[in-house]
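Enquirer: no sequence for this one, just the structure:
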């Protein structure tokens, strides 16, 4: 019995660190730099990644969103880090009733009781940048997402501190692209009008009846308030807790998988935040997609090149052909044959073989290959140790697509699902046929 | 013919609104009672039945907003489910919401009160009756419901809260952030602090400490006076001073 005590104490201490309140930005900087000094040159990148993540998870407020974006950039982080991070996602201080009324009045022009038939002043869910209230208007249930005040200026301050901290960490390495990327994404997500446009876009273009996209109430939406139709469904964890049958699991995984390729090739846009909490599982086999803060649109020219590359990888074309495709996409710098081949073998192949592995056969059993995300993380770490300057020159579209796919694969692994890849490949080949005429 | 109380109140508010609008346009100094009367469609002598001086209008305005805020507070549908902090914070926010429409006017009051002292702060403080009553009521309910323990010197807490409100308005007047979001955050963070003070027994502990000091030094001073062993060395200086104060 007594043996368990020190462990418990440790847990409490860890929790206490997580619970340190808001506005700890200064502490964060100190901790990062303090930690940096302790890293001996022999320590691996894995350990420094761990330290970054520990420091990030201690940050509160909007920084949690920053941490989430970093996590998105690295979908292969070990589950334990992601768990620790996801704990902090929902730990923002709630908007209290007084403040919520003020925001509604400021944004929608009147107090909630004068706008809605009913409005639940207690939030039913927390969103990444705010909280969601259930309300009724014209007898329709709706979800009103309210954003924390002053989030924009907080982001600006947090990003300055983060970039300072990360640059120190990178020891002269060029990480500007990462900072810019995170910055752009954050500002996009902060603007709910942008999200409303995304929801409308997907609602318009989604043809699969089993995919449910909420309706935007335009006149009740602003930059800081987003009103959508209310969808009753289960979140990922609650859904998994109902112990669904393997058929049900496969059905949903397949729906997510096929929808990804359908929206990439037909809508020319993907829902680029592969967070399981962005799905709602509805009873009759339908799946709702919520939270459209992060989507990526691609142009047709890129898609043609990407499609050719993807298919040539699946079909096992020879290496020279594949390298040429990568050069076209700007993933490999043009150079001597040897240099390009070396770069492909050492940097690109360990990563692309991972997501192509899923697509080669007609089915892929994530339950049977339970180590997929672990192998993925190891591969990313191994590649990042190569310290090649070119790794920073990645094609942003490819980065987004791969990141999202890998995020979905991590979800499928959690579900233990079997995926059928036929339809996805059909979509790819159909696109190729149409674009080569 | 007697004018009903209702009609009187309506005229008073009409004069108030016209006065505030004029003062926003021309400034407090350059607005005359005659002009206000003209704009409000009342005769020149009538206006003096309502407001003896121009300053009086200013104080009435503050009282008027307090009463509007209380009315607005009453319309919140589930106000009884709000925590003490949420209720107090709502009251502050509602006041500011009303002030927002007349921000330039509030700015003038603050300038006059704090920078040119043409408005006496005491008079400004005489306008807070409704405010204090409301806070008192909110606190009483929270104590009765067992949300907080009765703090020592309860009757002074609303007055302290009024002081806090004056600081909030002063901060808001100087706030140049977009949509005054700094003020929003300032209120949220400071209310958190007030919440913790009210919920902890901190005020009780502080008053115990103060009483301890008062009693001890009071007792010592008395003793030293009674026994006439007054040594006017450096050490007993404080005691002597206290003794002097007590005996006048």
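Expert: Alright, I've got the coordinates. Model, not experiment: these values are computed from the prediction.
Enquirer: low pLDDT regions in chain B?
Expert: B:1-3, B:117, B:228-248 (pLDDT under 70).
Enquirer: where exactly do the helices run in it?
Expert: Using DSSP state H, the helices of chain B run over B:5-26, B:33-39, B:44-50, B:54-74, B:84-101, B:103-110, B:121-125, B:129-144, B:157-174, B:181-199, B:202-226, B:237-247.
Enquirer: Quick one: mean pLDDT over stretch A:337-353.
Expert: Here the mean pLDDT over stretch A:337-353 is 84, rounded to a whole number.
Enquirer: Show me which positions of that stretch end up buried.
Expert: By neighbour count, and taking 16 or more other C-beta atoms under 10 Å in any protein chain shown as the criterion, the buried residues in stretch A:337-353 are A:340, A:343-344, A:347-352. Backbone N, C-alpha and C define where each C-beta goes, glycine included.
Enquirer: Check the separation of the first and last residues in that stretch.
Expert: Terminal residues of stretch A:337-353 lie 21 Å apart, using C-alpha to C-alpha, to the nearest Å.
Enquirer: Centre of the chain to that stretch, how far?
Expert: Taking the mean of its C-alpha atoms, stretch A:337-353 sits 26 Å from the chain's own mean (C-alpha atoms, centre = their mean, to the nearest Å).
Enquirer: closest point of chain B to chain A, which residue?
Expert: Residue nearest to chain A within chain B: residue B:89 (3.6 Å; C-beta to the nearest C-beta).
Enquirer: Please look at residue B:57 and residue B:36 and confirm they touch.
Expert: Yes: here residue B:57 lies in contact with residue B:36, judged by C-beta atoms under 8 Å, at a distance of 7.4 Å.
Enquirer: Please tell me how far residue A:143 sits from residue A:153.
Expert: Computed as C-beta to C-beta, to the nearest Å, the residue A:143 to residue A:153 distance reads 26 Å.
Enquirer: which ones are touching the residue nearest to the spatial centre of chain B?
Expert: When chain B is reduced to its mean C-alpha position, the nearest residue by C-alpha atoms, centre = their mean turns out to be residue B:162, at 3.0 Å. When contacts are counted by C-beta atoms under 8 Å, 6 or more residues apart in numbering or on different chains, residue B:162 is found next to B:125, B:128, B:131-132, B:135.
Enquirer: hmm, try it at 10 Å
Expert: Applying C-beta atoms under 10 Å, 6 or more residues apart in numbering or on different chains, one finds that residue B:162 lies in contact with B:125, B:127-128, B:131-132, B:135.
Enquirer: Drop anything exposed from these.
Expert: Buried members of the contacts of residue B:162, counted by 16+ other C-beta under 10 Å: B:127-128, B:131-132, B:135.
Enquirer: wait, which of the residues you listed is closest to residue B:17?
Expert: Proximity of the buried ones among the contacts of residue B:162 to residue B:17, judged by C-beta to C-beta, is greatest for residue B:127, which lies at 17.3 Å.
Enquirer: For the buried ones among the contacts of residue B:162, give me JSON lines that also has distance to chain A.
Expert: Listed next are the buried ones among the contacts of residue B:162 as JSON lines, based on distance: C-beta to the nearest C-beta, whole Å:
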{"residue": "B:127", "distance to chain A": "23"}
{"residue": "B:128", "distance to chain A": "20"}
{"residue": "B:131", "distance to chain A": "16"}
{"residue": "B:132", "distance to chain A": "19"}
{"residue": "B:135", "distance to chain A": "14"}
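Enquirer: Can I get those residues in JSON lines including distance to residue A:365?
Expert: Formatted as JSON lines, the buried ones among the contacts of residue B:162 follow (distance: C-beta to C-beta, whole Å):
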{"residue": "B:127", "distance to residue A:365": "75"}
{"residue": "B:128", "distance to residue A:365": "72"}
{"residue": "B:131", "distance to residue A:365": "69"}
{"residue": "B:132", "distance to residue A:365": "71"}
{"residue": "B:135", "distance to residue A:365": "65"}
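Enquirer: Phi, psi for residue A:115 please.
Expert: Main-chain torsions, residue A:115, degrees, to the nearest 10: phi -110, psi -50.
Enquirer: Same check on residue A:289?
Expert: Torsion angles at residue A:289 (phi, psi; degrees, to the nearest 10) stand at phi -110, psi 130.
Enquirer: Run a quick neighbour tally on it.
Expert: For residue A:289, the number of neighbouring residues by other C-beta atoms under 10 Å in any protein chain shown comes to 21.
Enquirer: what bridges to it?
Expert: According to DSSP bridges, the residues that bridge with residue A:289 are residue A:279.
Enquirer: the strands in the stretch 301-437 of chain A, which residues?
Expert: Counting by DSSP state E, counting those that start in this stretch, the stretch 301-437 of chain A forms strands over residues A:363-365, A:418-420, given from the N-terminal end onward.
Enquirer: for these, which one sits closest to residue B:182?
Expert: Between residue B:182 and the strands of the stretch 301-437 of chain A, the shortest separation by C-beta to C-beta is 50.2 Å, and it involves strand A:418-420.
Enquirer: what touches both of residue B:57 and residue B:36?
Expert: B:15-16, B:18-20, B:23, B:47, B:51.
Enquirer: List just the nearest of those residues to residue A:429.
Expert: Nearest to residue A:429 among the shared contacts of residue B:57 and residue B:36, counting by C-beta to C-beta, is residue B:20 at 72.4 Å.
Enquirer: pretty sure the closest one is touching residue B:58, no?
Expert: Yes: applying C-beta atoms under 10 Å as the test, residue B:20 and residue B:58 come out as touching, 9.0 Å apart.
Enquirer: Which neighbours do those two have in common?
Expert: By the contact definition C-beta under 10 Å, 6+ apart, residue B:20 and residue B:58 are jointly contacted by B:105, B:108.
Enquirer: So residue A:285 is in contact with residue A:250, correct?
Expert: No: Residue A:285 lies out of contact with residue A:250 (C-beta under 10 Å); the separation is 11.3 Å.
Enquirer: Of those two, give the one with the bigger neighbour count.
Expert: When neighbours are counted by other C-beta under 10 Å, residue A:250 comes out ahead of the other of residue A:285 and residue A:250, with 21 against 11.
Enquirer: near chain A, which residues of chain B?
Expert: Proximity of chain B to chain A is confined to B:72, B:75-79, B:81-83, B:85-94, B:96-97, B:100, B:177-185, B:187-189, B:191-192, B:195 under the rule C-beta under 10 Å from any C-beta of the partner chain.
Enquirer: May I see the PyMOL selection of the buried members of those?
Expert: This is how PyMOL selects the buried members of the residues of chain B next to chain A, with burial counted by 16+ other C-beta under 10 Å:
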select buried, chain B and resi 72+76+82+85+86+87+88+89+90+91+92+93+94+96+97+180+181+182+183+184+185+187+188+191+192+195
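Enquirer: what residue ranges in chain A score low on pLDDT?
Expert: Scanning chain A residue by residue, the ranges that satisfy pLDDT under 70 are A:1-93, A:128, A:158, A:161-175, A:177-178, A:181, A:380-381, A:383-394, A:437.
Enquirer: quick one: residue A:332 and residue B:82, what's the gap?
Expert: With distances taken as C-beta to C-beta, residue A:332 is found 61 Å from residue B:82.
Enquirer: Ok, residue A:227 next?
Expert: With distances defined as C-beta to C-beta, the gap from residue A:227 to residue B:82 amounts to 23 Å.
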